[in-house]
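Chemist: below is the structure, and that's it, no one-letter string:
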């Protein structure tokens, strides 16, 4: 993957635009989310209609740069959106959060070819992403993972087990945490 984008770039938003966006989010939560929370949560029902609405509002591209079709929102605005939505139903914020964490990895560390191929599809919600980090015997101790990627020509062969994969059932593209050098000392060393 290519080198990271300039992390010193600070995205900004006009306060009036932010307020208009937050008004739209609040209206959506009031009219669409709140009426179905209990039914969906207690019935363990995938919120397909709400996910489609999140895509229509651009939430799957909230933090993805505008040059790739995203909204390019600053982290502060995105945090306000997630705090507000999760105050009514946290489960649906996980759908978009996991997706955007995976997309951020591509935007920050991907090659130009990877960015132009994947980010527009992530931003539109055409392809939803997730995270494959946790393992049965490691939990959230990421240094204790055992999944290994071994180079085989231009490809990698992956051996290991993941569990609790964010967006695992409904996602199409995942950031997969693996070790390429299982004998590294200290364990976090590349």
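Modeler: Happy to help now that I have it. Remember, it's a predicted structure, so these values are computed and weren't measured experimentally.

Chemist: in this structure, mark out all the helices, start to finish.
Modeler: Ranges of helices within the chain are 15-28, 37-43, 48-57, 75-86, 90-109, 112-124, based on DSSP state H.

Chemist: can you verify my assumption that residue 140 contacts residue 131?
Modeler: No: contact criterion C-beta atoms under 8 Å: residue 140 and residue 131 do not qualify, at 11.4 Å. In this view, the C-beta of every residue, glycine as well, is placed from N, C-alpha and C.

Chemist: of the two, who's got more company?
Modeler: Remark: of residue 140 and residue 131, residue 131 carries more neighbours, 22 against 9, as counted by other C-beta atoms under 10 Å.

Chemist: what's the pLDDT at that one?
Modeler: According to the prediction, residue 131 has pLDDT 90.

Chemist: what of residue 142?
Modeler: According to the prediction, residue 142 has pLDDT 79.

Chemist: quick one: residues contacting it.
Modeler: 133, 177 (C-beta atoms under 8 Å, 6 or more residues apart in numbering).

Chemist: please report the distance of it from residue 122.
Modeler: Using C-beta to C-beta, to the nearest Å, one gets 23 Å for the distance from residue 142 to residue 122.
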